[in-house]
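In: Everything below, folded, please.
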Amino acid sequence: MLRREPSGAETVTVHFAHATGFNAETYAMLLEGLDASIAAYLMDARGHGRSTATAKPKKLNSWRPYRDDLEAFVETLPQPVVLGGHSMGATVSMELAAARPDLVGGLVLVDPVIVPPAHIPMLAAARTLGLTERIVPIARMAARRRMEFPSKRAAVENYVGKGPFRTWPQEWIEAYVEGGTVENDDGTVRLSCDRAWESRTFAMATVNPYRALRKVRCPITLFAREHSGPPFTRASRNAFMRCRPETRLLVLEDVTHFMAMERPDVVVEELGRTAERVRSELG
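Out: Below is the predicted model of the structure:
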């Protein structure tokens, strides 16, 4: 989804990758705050939003397909590229930067999905035994998610002030519903990200992302919460910083995992700062 046409030889491109269960349109307002000289893109991940890529839950065994899809898309964008992302989108962006350092000039990671090192053996064993979907609470919750609503307006009203949406401005919820629903033949709407696919995605999160983190060569900005919790705990943050102590760490107070929705101003400011740094290196 193109947000702004590139202009001039010194254009810098920003791509922002969305979280599990959401879609590109959810974050459209975030990128509207970027300087007009920055080309900005969002892409619906496989199984999300308006993506038409095959999404069969039983065939998803890792986040590698998400990384491969992002790689194929970024290869089509004007270079250089800054990758930003929230939650799963942050982790997949980091994994692409590790695999293809030639494509990525900077990373802005917003509360990525990175488990504490102490949890890796347990998760690896669960993955081998096929138990991950049973032991990951958010995967179990996603498997029960309501899929259908009488209308888009009813869907918005259902989410306002509730659960993970309780801190979202209503316009962000409206963007999520607009980009993440399809109309049924009877005029009702259903979520385009099937709950079985969402659940499987949560269950198949990268077990050991530190391997990729050690391979990243571009500058990194990391957003974290002061009062941390899953999917990026204080232990995860400490391990991240031990791996990459040169990372620019920005810790926000009074936010939840959905800090991109709660404090878009600081996220877009950092995306712009990173893009300008990359632009200056061209000169």
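
In: Using the three-state scheme, assign the residue of the chain positioned farthest from its centre.
Out: Centroid-distance maximum for the chain: Asp186 at 32.4 Å, with Cα atoms, centre = their mean. Of the three states, Asp186 takes coil under DSSP: H, G, I helix; E, B strand; the rest coil.

In: same check, this time on the one 4 residues further on
Out: Here Arg190 is recorded as strand under three-state DSSP.

In: do you know how far it is from Ser151?
Out: Between Arg190 and Ser151 the distance is 11 Å, computed by Cβ to Cβ, to the nearest Å. In short, each C-beta sits where N, CA and C put it, glycine included.

In: got it, and Ala45?
Out: From Ala45 to Ser151 the distance is 25 Å (Cβ to Cβ).

In: So the two - more neighbours on which side?
Out: More crowded of Ala45 and Ser151, by other Cβ atoms under 10 Å: Ala45, with 28 against 14.

In: Find the nearest non-adjacent residue to that one, please.
Out: Nearest residue to Ala45, sequence neighbours excluded (Cβ to Cβ, 6 or more residues apart in numbering): Tyr66, at 5.6 Å.

In: Verify the contact between that neighbour and Ala90 for me.
Out: No - Tyr66 is not in contact with Ala90 according to Cβ atoms under 8 Å; the separation is 11.7 Å.

In: Might you report the residue contacts of the spatially most central residue of the chain?
Out: The chain has Gly89 as the residue nearest its centroid, 2.3 Å off, counting by Cα atoms, centre = their mean. Under the criterion of Cβ atoms under 8 Å, 6 or more residues apart in numbering, the neighbours of Gly89 are 16-19, 45.

In: one more time with 6 Å, if that's ok
Out: Applying Cβ atoms under 6 Å, 6 or more residues apart in numbering, we find Gly89 in contact with 17-19.

In: now do Pro80
Out: Counting by Cβ under 6 Å, 6+ apart, Pro80 has contacts 105, 278.

In: Pretty sure His119 sits in a helix.
Out: Yes - when three-state DSSP is applied, His119 is found to be in a helix.

In: So it versus Ala28, what's the distance?
Out: 34 Å.

In: same question, Arg273
Out: 20 Å.

In: per-residue pLDDT, the spatially closest residue to Arg195 that is not a sequence neighbour?
Out: The shortest distance from Arg195 to any non-neighbouring residue, by Cβ to Cβ, 6+ apart, is to Arg145 (4.4 Å). Looking at Arg145, its pLDDT stands at 96.

In: again with Glu281
Out: 86.

In: likewise Leu131?
Out: pLDDT, Leu131: 87.

In: Tell me how far it lies from Lys59.
Out: 18 Å.

In: Show me which of these two is the more surrounded one.
Out: Leu131 (13 against 9).

In: so how far is Met88 from that one?
Out: In terms of Cβ to Cβ, Leu131 sits 21 Å off from Met88.

In: which residue sits closest to the residue nearest to the centre of the chain in space, ignoring its chain neighbours?
Out: Ala17 is the one closest to Gly89 (Cβ to Cβ, 6+ apart), at 3.0 Å.
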